[in-house]
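Novice: would you be able to build a 3D model of this:
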Amino acid sequence: MTFHFQFGFNMFPEIVRPFNNHYRCFSVSMLPGTYRCDVERGGKIIMPPSALEHLTRLNIRFPMLFRLSNEKTNRITHCGVLEFVADEGRVYLPCWMMYNLLLQEGDLINVESVTLPVATFSRFQPQSEDFLDITNPKAVLENGLRNFACLTTGDIIAIKYNQRIYEMCVLETRPGPAVTIIECDMNVEFAPPLGYVEKEVKKDENVVNPADLMPAPSGFVPFKGEGNRLNGKKRRDFAKPEMVASKPAYIRGIPDYDYKVGTLTFLRITKPVNNKEEKDPDEFKAFTGEGFSLRKPK
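Specialist: The predicted structure is shown next:
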């Protein structure tokens, strides 16, 4: 029996060792030189050149993502790296990231390399009702997230639009509490802004319904009965006519709410009704009136 052995430098898979260091953190405004507003608008940090050399020796894969931890308060977030030009022993963070981690200028922060899943869904809550004034909020958010490498559930990120800063709370991310948003197709939803209460339409008690001003029809209503044949028989296909209410008489001081522009209404002067001659409409019977002759009696 013969055994064949192959020896080489690639016999075992390469083990990627994590990057884990402590740095003094400062806000972007403390960075020497001109103010870097591009760092303030996104979710990436600036690290020292020695960090790049260390990451290269560890064969860290791109994109480089990091977990930032404040060990005093147990607050964490995730970020990418923009440049390696910081002073040795320092890292520079956006202000919104300093607030989330509860950090002060010069505090120690732990920076650890991580691998995050690709985002498929995220849900944001604006921290101000002013965000509702934006015509296309999804387009504004998409443009702002181009400067971010990852999202962490619970963070309050800052998006700049039209010279204003809008804060957005990350309520939910899928498939995990921290995701990368580099070259991904992510669905986005918005929750109602913080403190937003939907306005209820209250009925004004001073507004009077026009129907309440019109008096209800009283007395005899013409054409509300059924037709009768002279022979007393009823038709089989006879359909009962619908009740048609007559328009109430005009009362001075009450406007005509059914008025249409471009029409004229002529009011007819009616004689007052004699209460003595008024009959009960329930006692009305067809063809029971008195007859009259056109000839005058001699």
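
Novice: contacts and neighbour counts: CA atoms only from here.
Specialist: Noted.

Novice: buried stuff in the lengthiest strand in the chain?
Specialist: Secondary structure of the chain per DSSP state E: the longest strand is strand 164-174. Within strand 164-174, the residues that count as buried by 16 or more other Cα atoms under 10 Å are 166-174.

Novice: ok, that strand: who's next to it in the sheet?
Specialist: strand 121-126 (antiparallel), strand 156-161 (antiparallel) (DSSP bridges).

Novice: after that strand, next one along is what?
Specialist: Next helix or strand after strand 164-174 toward the C-terminus (DSSP states H and E): strand 178-180.

Novice: show me where the stretch 51-200 of the chain has its strands.
Specialist: 65-70, 75-83, 90-93, 108-114, 121-126, 150-152, 156-161, 164-174, 178-180, 187-190 (DSSP state E, counting those that start in this stretch).

Novice: packing partners of the last one?
Specialist: It refers to strand 187-190. strand 121-126 (3 or more Cα pairs under 8 Å, 6 or more residues apart in numbering; DSSP states H and E).

Novice: so which of the strands of the stretch 51-200 of the chain gets nearest residue 41?
Specialist: Nearest of the strands of the stretch 51-200 of the chain to residue 41, taken as Cα to Cα: strand 156-161 at 6.6 Å.

Novice: hey, where'd the helices end up in the protein?
Specialist: Applying DSSP state H to the chain gives helices spanning 37-40, 49-57, 95-101, 137-144, 210-213.

Novice: just want the angle from the fourth one to strand 164-174.
Specialist: Pointing back at helix 137-144 there. Relative orientation of helix 137-144 and strand 164-174, computed by axes from the mean of the first three to the mean of the last three Cα atoms, to 10 degrees: 90 degrees.

Novice: quick one: helix 137-144 to chain centroid distance?
Specialist: 14 Å (Cα atoms, centre = their mean, to the nearest Å).

Novice: do the same with stretch 26-40
Specialist: So, by Cα atoms, centre = their mean, the centroid of stretch 26-40 is 34 Å from its chain's centroid.

Novice: same check on stretch 189-203?
Specialist: Worked out by Cα atoms, centre = their mean, stretch 189-203 lies 9 Å from the chain centre.

Novice: flag every buried residue along it.
Specialist: Within stretch 189-203, the residues that qualify as buried are 190, 192-193, counting by 16+ other Cα under 10 Å.

Novice: now it: mean pLDDT?
Specialist: Regarding stretch 189-203, the rounded mean pLDDT is 80.

Novice: other residues contacting it?
Specialist: By Cα atoms under 8 Å, 6 or more residues apart in numbering, the residues outside stretch 189-203 that reach it are 122-129, 131.

Novice: okay, now the unreliable bits of the stretch 1-150 of the chain?
Specialist: 1-17 (pLDDT under 70).

Novice: about what we covered before: mind checking which of the strands paired with strand 164-174 is nearest residue 107?
Specialist: Short answer: strand 156-161, nearest of these by Cα to Cα, at 20.3 Å.

Novice: and the closest one, average pLDDT?
Specialist: Strand 156-161 comes out at a mean pLDDT of 92.

Novice: list the buried residues of it.
Specialist: Buried residues in strand 156-161 (16+ other Cα under 10 Å): 156-160.

Novice: and these as CSV, adding distance to residue 199?
Specialist: Formatted as CSV, these follow (distance: Cα to Cα, whole Å):
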residue, distance to residue 199
156, 26
157, 28
158, 27
159, 27
160, 28
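
Novice: one step back: which of the buried residues of stretch 189-203 sits closest to residue 30?
Specialist: For the buried residues of stretch 189-203, the nearest to residue 30 is residue 193 (32.3 Å; Cα to Cα).

Novice: show the backbone phi and psi for that closest one.
Specialist: Phi and psi for residue 193, reported as degrees, to the nearest 10, are phi -60, psi 160.

Novice: with the flanking residues excluded, which residue is spatially nearest to it?
Specialist: Using Cα to Cα, 6 or more residues apart in numbering and skipping residues adjacent in sequence, the residue nearest residue 193 is residue 126, 4.7 Å away.
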